[in-house]
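[1] kindly generate the corresponding structure for this input.
(one chain, ligands or ions: 1)
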Amino acid sequence: MRVCAHQNQAEFFMTLTTISSFDRIGEENAFAVLARATQLATGGMDVINLGIGQPDFATPPHIVEAAIKALRDGHHGYTPATGILSLREAVADRTLETTGVAVSPERICIMPGGKVTMFAAILMMGEPGTEIMYPDPGFPIYRSMIEFTGAKPVPIPMREENGFAFSGNEALSLVTDKTRLVILNSPANPTGGVTPRSEIDTLVSGLDRYPNAAVLSDEIYDQMTYDGEEHVSLLGYESIRDRLIILNGWSKTWAMTGWRMGWSIWPDALFDKVRKLAVNAWSCVNAPAQYAGIAALEGPQDAVADMMQAFDQRRKLVVQRANALPNVTCLTPKGAFYAFPNISGTSWKAKELASALLEETGVAAIGGPDFGTLGEGYLRLSYANSQDNIAKAMDRIAQFLEQTAPPKAQSNRPITASRWRDE
Ligand code: PLP
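    As a prediction, this is how the structure comes out:
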């Protein structure tokens with residue numbers, strides 16, 4: 001009897017798996033690399049992590065204090081699903097200051113992290129028979145979520161020759177009557193590319209012909225540009241404001257990845273849908289964290305400026321050292337905290353190299369194909385690490401590339417199973 005029950009259960013789960021859209025959901029291999037790096041470090045290896053996309057700085061103390069005070073003041077219950085009003089007002093003030101555009105707090109929803117805005121927007125727009133455009137190479141969750149909804153993923157090439165920005169004309173040539181959502185991200189993960197205003201102008205003016213295509217602009221790195229590079233917010237384009245969703249948050253700018261705090265700006269027509277999603281899925285964002293969010297937006301910004309200065313120095317170091325590696329070239333990133341060196345001249349496949357570097361030298365990096373098909377031939381190096389560690393990591397990579405030939409039959413095998421495995 002028992003065996004029979006197990007068989008039935010196994011069959012039941014098999015059926016579930018084959019019909020479930022969860023079969024199509026992907027993941028972010030950076031988390032798998034982090035897990036493996038931690039495992040190696042626990043085993044005694046001296047691991048240098050250039051893999052993970054989070055600032056290595058502590059959240060500024062006044063932000064931490066604001067959360068502690070909020071708890072002491074008794075802010076430990078539910079809040080409105082879309083976030084406390086004073087926080088949404090602070091987001092509106094900050095948006096006006098950084099973009100010059102006045103946005104009503106009634107269109108702002110506080111989210112449990114930046115990622116959840118892409119989850120909500122893609123879920124709202126995607127269904128079988130529709131198309132969603134996304135940057136390639138780009139943040140892997142875009143494609144994963146698009147496939148989850150059954151929509152067709154349409155990659156927008158982010159080419160090295162364009163400084164890892166999209167070409168407005170090329171992007172426009174991919175828009176069709178089935179396009180429901182165009183996802184943009186500048187400054188970009190994984191390349192550090194910043195898309196110039198001229199290319200955005202071209203794309204946005206062409207979207208006039210496609211009134212059913214909404215835009216999701218992921219601006220989570222908006223404060224992270226270098227050499228005076230301009231960040232162009234899509235909010236500045238009035239013609240698409242009634243179909244524009246903005247993703248932003250606290251994770252990167254204020255070194256708050258573990259607080260799970262993001263904000264989103266929605267068109268009037270979609271706001272009630274995201275409010276209902278919040279009520280169904282997370283009720284509200286952690287209350288003391290929301291008070292910390294106010295302190296981050298309204299308090300002193302010197303910690304942010306100091307962090308950016310440190311990132312800038314590391315950026316120069318990583319680029320200079322990457323360009324000195326044998327058969328490697330590296331564009332100078334204009335934003336975020338990633339470099340995306342071109343390793344195609346080394347004859348290594350990118351994921352194979354990333355895996356060998358971690359296992360053999362203790363340097364964690366991410367293979368470009370984890371960010372899309374156009375990522376082959378590249379490695380992502382996050383420079384959220386000290387200059388000493390970056391220098392040490394680059395020494396190890398140099399020595400490895402000088403002494404180790406790529407394996408003959410490279411399988412492009414990732415460190416753990418990943419749906420991008422064979423792309
Ligand atoms: N968007 C991009 C482009 C990112 O790189 C990341 C995180 O790496 C996110 C969104 C998600 O941010 P969060 O950690 O706040 O969910």
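[2] give me the nearest residue to the spatially most central residue of the chain, chain neighbours excluded.
    In the chain, the C-alpha nearest the mean C-alpha coordinate belongs to F139, at 4.6 Å (CA atoms, centre = their mean). Spatial nearest neighbour of F139, chain neighbours left out: N189 (5.2 Å); criterion: CB to CB, 6 or more residues apart in numbering. Quick note: C-beta positions are derived from backbone N, CA and C, even for glycine.
[3] part of a strand, is that neighbour?
    No - applying DSSP: H, G, I helix; E, B strand; the rest coil, one finds N189 to be coil, outside a strand.
[4] Three-state assignment for V101, please.
    coil.
[5] residues near the nearest residue to it once chain neighbours are set aside, how many?
    For V101, ignoring the flanking residues on the chain, the nearest one in space by CB to CB, 6+ apart is L235 at 4.5 Å. As a burial measure, L235 scores 21 neighbours (other CB atoms under 10 Å).
[6] do you know the pLDDT at L235?
    pLDDT, L235: 98.
[7] how close does it get to the ligand?
    17 Å (CB to the nearest ligand atom, to the nearest Å).
[8] surely that residue touches N248?
    No - the pair L235 / N248 is not scored as a contact, 10.1 Å apart, by CB atoms under 8 Å.
[9] okay, and the beta partners of the nearest residue to P196 once chain neighbours are set aside?
    Spatially, and ignoring its direct neighbours in sequence, P196 is nearest to A165 (6.2 Å; CB to CB, 6+ apart). Beta-bridge pairing for A165 (DSSP bridges): R159.
[10] what about V154, helix or strand, and which?
    V154 is located in strand 152-157, with elements delineated by DSSP states H and E.
[11] wait, R94
    Using DSSP H and E, the element containing R94 is helix 85-99.
[12] any idea how far that helix is from the chain center?
    On the basis of CA atoms, centre = their mean, to the nearest Å, helix 85-99 is displaced by 22 Å from the centre of the chain it belongs to.
[13] what residues of that helix count as buried?
    87-92, 94-95, 99 (16 or more other CB atoms under 10 Å).
[14] what sits against T149?
    Counting by CB atoms under 8 Å, 6 or more residues apart in numbering, T149 touches 21, 122-123, 125-127, 132.
[15] most neighbours, which of the residues you listed?
    Result: I132 is most packed of the contacts of T149 (other CB under 10 Å), 28 neighbours.
[16] ok, now which ones touch that one?
    Here I132 is in contact with 122, 125-126, 142, 146, 149, 151-154, 179-183 (criterion: CB under 8 Å, 6+ apart).
[17] could you rerun that using 10 Å?
    Residues near I132 by CB atoms under 10 Å, 6 or more residues apart in numbering: 121-122, 125-126, 142-143, 145-147, 149, 151-154, 178-183, 213-214, 216.
[18] show me which of the residues you listed are buried.
    Buried among these by 16+ other CB under 10 Å: 121-122, 125-126, 142-143, 145-147, 149, 151-154, 179-183, 213-214, 216.
[19] show the pLDDT at the residue in the stretch 301-423 of the chain positioned nearest to the ligand.
    Ranked by CB to the nearest ligand atom, the top residue of the stretch 301-423 of the chain for proximity to the ligand is A336, at 7.4 Å. The model reports A336 with a pLDDT of 97.
[20] repeat that for M145.
    Confidence score, pLDDT, at M145: 96.
[21] sticking with it, tell me its helix or strand.
    Per DSSP H and E: helix 140-149 holds M145.
[22] now swap in A120 and tell me
    helix 115-125.
[23] beyond that helix, next helix or strand please.
    strand 131-136.
[24] partner strands of that following strand, with direction?
    Counting by DSSP bridges, strand 131-136 is paired with strand 152-157 (parallel), strand 179-185 (parallel).
[25] quick one: neighbours of whatever residue of the stretch 201-350 of the chain ends up closest to the ligand, just the number.
    Distance from the ligand to each residue of the stretch 201-350 of the chain (CB to the nearest ligand atom) is smallest for S251, at 3.4 Å. Residue crowding around S251 was assessed by other CB under 10 Å; the count is 22.
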